[in-house]
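Kindly generate the corresponding structure for this input.
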Amino acid sequence: MSDVPLLRNRSGTARDRDPQARVEELELEAAIGRNVRQLRLQHGLTVAEMAARIGISKAMMSKIENAQTSCSLSTLALLASGFDVPVTTLFRGADVERPAAFVTAGTGARIVRIGTKEGHEYRLLGSLRGEHKRLECLHVTLSAKSETYPLFQHPGTEFIFVLEGVMDYSHSRTVYRLNPGDSLQFDGEGAHGPVDLVQMPIRFLSVIAFPDSQL
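Numbers count the residues shown, from 1 in each chain. Next up, the predicted model:
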């Protein structure tokens with residue numbers, strides 16, 4: 001495996017992937033790494049201390065926890081013995097199916113929202129319930145000017161990304177001029193919506209993350 005440092009942020013981890021590696025194998029490595037780290041922390045041991053306990057290098061222990069290597073059967077046996085758990089404990093969570101929503105081009109379900117009657121089209125690209133939040137993704141097309149424009153308010157955080165056209169978009173007390181490639185992320189509780197369609201048609205993506213209380 002590559003010795004390039006693991007990329008890490010608050011959202012999770014990332015690592016190089018061998019194009020020939022099966023996704024199932026990568027998921028297994030990730031599950032083992034997650035379980036090994038959790039067990040080590042439960043024992044109150046550092047990476048170096050755990051490595052010394054079972055007789056492997058600190059570098060190898062770190063790679064196991066970061067899912068940067070595939071454990072041999074002998075290493076799995078050493079880990080299980082060092083933690084005093086069955087080997088199967090190290091695989092816990094590897095067989096959990098994670099949800100996904102796939103929508104092919106042009107097939108997103110049309111939904112009716114305030115503004116639909118004004119020539120605005122909303123297509124649902126996916127609504128996924130995760131462990132903590134519900135994520136709603138829309139493809140919005142604005143193709144007609146109007147005397148009035150809808151203002152939305154909802155719980156959670158919204159992110160919009162402009163694909164085509166130009167519009168002035170209001171949130172709370174501020175108006176933003178949005179061009180193709182521009183994005184805007186905001187608190188959905190603040191009144192928001194287009195106030196002027198400068199160059200049509202306008203197409204943008206809207207992604208809303210609803211809070212736990214809305215599940």
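
okay, the residue of the chain positioned farthest from its centre: pLDDT?
Using CA atoms, centre = their mean, the residue of the chain lying farthest from its centre is Glu147. It sits 37.8 Å away. We have a pLDDT of 70 for Glu147.

Now the phi/psi pair for it, please.
As for Glu147, its main-chain torsions (degrees, to the nearest 10) stand at phi -70, psi -30.

Distance check, it against Tyr122.
Using CB to CB, to the nearest Å, Glu147 is found at 20 Å from Tyr122. Just so you know, the C-beta spots here come from the backbone N, C-alpha and C atoms, and that holds for glycine as well.

likewise Thr174?
In this view, Thr174 and Tyr122 are 24 Å apart by CB to CB.

between those two, which one's more packed in?
Shown here are Thr174 and Tyr122; by other CB atoms under 10 Å, Tyr122 has more neighbours (18 against 11).

I'd guessed the more buried one sits against Val140; true?
Yes - assessed by CB atoms under 8 Å, Tyr122 is found in contact with Val140 at 5.6 Å.

contacting residues for Phe91?
With contact set as CB atoms under 8 Å, 6 or more residues apart in numbering, Phe91 has these partners: Leu28, Ala31, Ile32, Asn35.

can you pull the buried residues of the lengthiest helix in the chain?
Using DSSP state H, we find that the single longest helix of the chain is helix 23-42. Using 16 or more other CB atoms under 10 Å as the burial criterion, the residues of helix 23-42 that qualify are 27-37, 39-40.

which other residues reach that helix?
Here helix 23-42 makes contact (CB under 8 Å, 6+ apart) with 17, 47, 50, 64-71, 76, 79, 83, 85, 89-94.

now, which of the contacts of Phe91 sits nearest Phe159?
Lowest distance from Phe159 to these (CB to CB) belongs to Ala31, with 30.2 Å.

in stretch 80-97, what's buried?
Ala80, Gly82, Phe83, Leu90.

State the distance from the residue lying closest to Ala80 once chain neighbours are set aside to Ile32.
Nearest residue to Ala80, sequence neighbours excluded (CB to CB, 6 or more residues apart in numbering): Val87, at 4.4 Å. Using CB to CB, Val87 is found at 10 Å from Ile32.

With Thr141 instead?
Between Thr141 and Ile32 the distance is 46 Å, computed by CB to CB.

can you give me how far stretch 120-129 is from the chain middle?
17 Å (CA atoms, centre = their mean, to the nearest Å).

before we move on, what about stretch 158-172?
On CA atoms, centre = their mean, the centre of stretch 158-172 falls 21 Å from the chain's centre.

is Thr157 in a bridge, and if so with what?
Here Thr157 sits in beta bridges with Asp187, Ala209, going by DSSP bridges.

which strands and helices sit next to the helix or strand harbouring Val166?
Using DSSP states H and E, Val166 maps to strand 157-171. Under the contact criterion of 3 or more CB pairs under 8 Å, 6 or more residues apart in numbering; DSSP states H and E, strand 157-171 touches strand 174-178, strand 183-187, strand 192-210.
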